[in-house]
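**Q** Dropping the sequence and predicted coords here.
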Amino acid sequence: MCNSLIQLKNVSFGYKKTELILEKINFCLQKNEKIGLIGPNGSGKTTLVFLMVGLLLPLEGEIILFGKKCIKEKDFQQIRPKIGFVFQNADDQLIFPTVLEDVAFGPLNLGFKPQKALKIAQKTLEKLGIADLGPRNIFNLSGGEKKLVSIATVLSMSPQVLILDEPTTGLDEHSRSKLIEILKKLDIAYIIISHDYDFLARITKKQYILRDKQVIYDPTIVLHKHEHAHPLGYIPHRHENK
Ligand SMILES: Nc1ncnc2c1ncn2[C@@H]1O[C@H](COP(=O)(O)OP(=O)(O)OP(=O)(O)O)[C@@H](O)[C@H]1O
């Protein structure tokens with residue numbers, strides 16, 4: 001029984017109907033669960049989270065968000081404000097010329113008055129340690145700065161679930177640590193896709209692997225914290241149950 005925020009029941013998907021990328025996936029995100037999603041490049045991690053928020057529709061199966069079965073775009077629209085989604089590519093997230101406007105857009109959409117929305121945006125930027133970026137033009141930001149701003153645009157809406165697709169890509173050590181601190185303090189459920197296993201070990205309690213069109217949970221796979229960043233190719237350690 002899954003008393004869930006996000007539930008997938010026998011979900012299958014392929015960009016071509018004849019070539020499935022995901023096959024009969026069952027998944028459940030409970031209240032306050034903090035989940036990491038790992039898997040090889042191209043295994044379908046982004047596709048899976050797109051399905052969760054209705055940016056793609058399944059060929060088969062059911063998506064149930066906050067207890068409500070979602071079939072059409074309209075069903076997803078109603079739930080979307082509760083789910084903060086940060087795209088892998090920050091450029092897909094940012095639409096306004098200035099950082100502050102971008103971060104205030106979410107609260108404005110939720111019905112806050114402009115002054116209040118700007119206040120919320122300013123506070124969110126402060127929390128992320130990037131208040132100085134407020135007046136800056138989005139187009140002149142570095143990749144890492146854009147990444148942090150895109151995370152701010154979602155946090156400013158106080159979502160009940162957060163989905164982050166590769167949030168540490170392009171972040172320096174300081175920004176990455178800041179993000180770890182913020183995520184640790186968040187009292188909401190989240191799903192984080194990442195190849196940065198140290199990051200996931202610090203901020204998630206459970207990690208799922210996407211492989212061979214399936215989402216697998218293997219408790220013998222343990223991600224470890226490391227004092228220094230690992231180069232690509234570092235693989236999670238497997239521990240035999242004693
Ligand atoms: N719009 C699309 N049309 C056709 N194929 C696509 C589309 N988007 C993704 N794919 C393909 O679907 C597969 C899964 O892609 P997806 O981006 O979900 O993988 P991923 O696990 O997130 O990869 P990565 O770790 O590299 O970000 C890949 O083979 C990709 O080339």
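**A** Ah, there it is. Numbers count the residues shown, from 1 in each chain.
**Q** For the residue nearest to Y190 when sequence neighbours are not counted, which three-state class applies?
**A** Spatial nearest neighbour of Y190, excluding adjacent residues (C-beta to C-beta, 6 or more residues apart in numbering): L162 at 4.0 Å. For every residue, glycine as well, the C-beta is placed using N, CA and C. Put simply, L162 is strand when judged by DSSP: H, G, I helix; E, B strand; the rest coil.
**Q** Next to the ligand in this structure, residues from this structure, please.
**A** Neighbours of the ligand within the chain, by C-beta under 6 Å from any ligand atom: Y15, I21, G39, N41, G42, S43, G44, K45, T46, T47.
**Q** one more time with 5 Å
**A** Y15, N41, G42, S43, G44, K45, T46, T47 (C-beta under 5 Å from any ligand atom).
**Q** nearest spatial neighbour of the first one, skipping sequence neighbours?
**A** The one in question is Y15. In space, Y15 is closest to I21, 6.9 Å off (C-beta to C-beta, 6+ apart).
**Q** try the fifth one
**A** Once flanking residues are discounted, G44 sits nearest to I21: 4.4 Å by C-beta to C-beta, 6+ apart.
**Q** Kindly provide the distance from the one you found to G14.
**A** 5 Å (C-beta to C-beta, to the nearest Å).
**Q** Same check on I63?
**A** From I63 to G14 the distance is 16 Å (C-beta to C-beta).
**Q** neighbour count winner among those two?
**A** I63 (23 against 17; other C-beta atoms under 10 Å).
**Q** quick one, what contacts the spatially closest residue to the more buried one that is not a sequence neighbour?
**A** Leaving aside its chain neighbours, I63 sits nearest to C70 (5.0 Å; criterion: C-beta to C-beta, 6+ apart). Residues in contact with C70 (C-beta atoms under 8 Å, 6 or more residues apart in numbering) are G54, I63, I64, F76, I79.
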